[in-house]
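The following comprises the amino acid sequence and a computationally predicted model.
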Amino acid sequence: MTGQNSILKGTRVLDLTRLAPGPYGSMLLADMGAEVIVVGGGRSGLPIDSYRRGKRFINLDLKSEEGLDAFRLLAANADVLMEGFRPGVMHRLGLGYDALRQDNPKLVYCSVTGYGQDGPLAQEAGHDINYVGLSGALGAMGPLDGPPALPLNIIADFAAGGLYAAYSILGALLERERSGLGQFLDVAMVDGCLSLMTMHYPDWGKPVLPSRGKGLLTGEAPFYRCYVCNDGKYLAVGALEGAFFTNLWRGLNLEQPMPDHMRPDTWPAMTEQFERLFASRSRDAWVKHFEGRDACVSPVLAPDEVFEHPHVQARFPGSDSYATPAIPHYSRTPTMPGVTDGTDDSYAVLRALGLSEAKINKAVPETSNVTGLEWPPVKPSQP
């Protein structure tokens, strides 16, 4: 399923997660060469298509003794286990960390949750919006005169969840090389959001970030915001430092003396001027105009434009969809991510463990042929 000479070659990951954070994190590990075995059961199904790349899929009936025994055998031969249930669920199944480490003390056991394993909210349900909200990140995003703006579900689910989990797992695998022991990882999306906000907490209420919609990085500063062009498309301007702002000012052919761009009292007039200028040409015409000028001007691409962009094509030749494995480019150890394949490998994986056909038949649920989580869940509008 994965490359023959990859960073994580020989590392086996058992993945019981279903929603976005866990499957994204395990896909990152698969992209780096880990053998990821997604363990479903009955109606729990597969993760959505976007996160199936490079993985194998099996189904076990974890309500049966045979299914539990098969899972324990898998865990005894695994390097990593990922699960995303509420705290206590795996323990009640007899599959908690303390139980599984008895047979495999080297197991890295990663629990991905919203609020963590303890604390007043540990058992509460939530989604990305709730975790970003609790961290203060959401309260700092959006316009001054409107509600907070939702940055899709990128922050908590993917950055503070899946990426944070993969990062934590890699750290635990590295430490295992020294100690010879695995450990339990309590990965909470709220915790990851708190880490992502490290730079912004001390700025809150101060000139650089006085409130939502105000300050240097919120879109208020005319040299760090987006502008609409005459074709209705947008341009991203990030001329924050003095040298870049100078190049922006000169690139716009402005004749008046260049202002001190870090003085907020200069921003309203500058914003009006920039809006008028950028609205005079198309987005791509401005991009062409600023090529090579070091003014930090770039297009705001729609998702369906991204894989046509020359830079993305140069980094990932031939890519034309979300399936692009945007992983680090290693100089010595090439990564060859696997293909997306939802084949049920239950029998092949369990046979390799030495289980008999009779035991496999009892371990695998009869309802193993499922489609998995439905995405998108939005139904078409009625005519």
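It's in.

How about the contacts made by the residue nearest in space to the middle of the chain?
In the chain, the residue lying closest to the centroid (C-alpha atoms, centre = their mean) is F158, at 2.4 Å. Each residue near F158 by C-beta atoms under 8 Å, 6 or more residues apart in numbering is listed here: 20-21, 24. The way it works is simple: take the backbone N, C-alpha and C, and place the C-beta from them, glycine included.

let's see it at 7 Å
Residues near F158 by C-beta atoms under 7 Å, 6 or more residues apart in numbering: 20, 24.

got the CA positions of the helix or strand where E272 lies in CSV?
Taking DSSP states H and E as the criterion, E272 maps to helix 267-278. This file holds the C-alpha atoms of helix 267-278, laid out as CSV (Å, rounded to 0.1, in the frame of the first residue of the first chain):
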residue,chain,number,x,y,z
TRP,A,267,-4.7,53.2,7.3
PRO,A,268,-8.2,54.5,6.4
ALA,A,269,-6.9,56.8,3.6
MET,A,270,-4.4,54.1,2.4
THR,A,271,-7.2,51.5,2.4
GLU,A,272,-9.4,53.6,0.2
GLN,A,273,-6.6,54.3,-2.2
PHE,A,274,-5.6,50.6,-2.4
GLU,A,275,-9.2,49.5,-2.9
ARG,A,276,-9.6,51.8,-5.9
LEU,A,277,-6.3,50.8,-7.5
PHE,A,278,-6.8,47.0,-7.1
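
From D304, how far off is the closest residue to V306 other than its chain neighbours?
Leaving out its chain neighbours, the residue that sits closest to V306 by C-beta to C-beta, 6 or more residues apart in numbering is V312, at 5.9 Å. For V312, the distance to D304 (C-beta to C-beta, to the nearest Å) stands at 12 Å.

So which of those two has more stuff around it?
Under the criterion of other C-beta atoms under 10 Å, the comparison of V312 against D304 puts V312 first, with 17 against 8.

My read is that the more buried one contacts E305, right?
No. Checked against C-beta atoms under 7 Å, the pair V312 and E305 is beyond contact range at 9.6 Å.

pretty sure Y24 is touching G162, no?
Yes. Y24 is within contact range of G162, at 3.3 Å (criterion: C-beta under 7 Å).

who has more neighbours, these two?
Neighbours per residue (other C-beta under 10 Å) separate Y24 from G162, with G162 holding more: 29 against 22.

Remind me what the biggest helix by length in the chain packs against, helices and strands.
The helix that spans the most residues within the chain, counting by DSSP state H, is helix 164-179. If you count contacts as 3 or more C-beta pairs under 7 Å, 6 or more residues apart in numbering; DSSP states H and E, helix 164-179 packs onto helix 21-31, strand 108-113, strand 184-188.

try 10 Å
helix 21-31, strand 80-83, strand 108-113, strand 184-188, helix 189-196 (3 or more C-beta pairs under 10 Å, 6 or more residues apart in numbering; DSSP states H and E).

That helix: which residues count as buried?
Buried residues in helix 164-179, defined by neighbour count with 16 or more other C-beta atoms under 10 Å: 164-166, 168-170, 172-173, 176.

go on, stretch 333-353?
Neighbour-count burial for stretch 333-353, counted by 16+ other C-beta under 10 Å, picks out 335, 337-338, 342, 344-346, 349-350.

Turn those into CSV, including secondary structure and pLDDT.
CSV is the format used below for the buried residues of stretch 333-353 (DSSP: H, G, I helix; E, B strand; the rest coil; pLDDT from 0 to 100):
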residue, secondary structure, pLDDT
T335, coil, 70
P337, coil, 68
G338, coil, 76
G342, coil, 75
D344, strand, 86
D345, coil, 85
S346, helix, 88
V349, helix, 91
L350, helix, 88
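
quick check, nearest of those to V36?
Of all the buried residues of stretch 333-353, G338 has the smallest distance to V36: 8.9 Å, by C-beta to C-beta.

Right, I'll leave it there.
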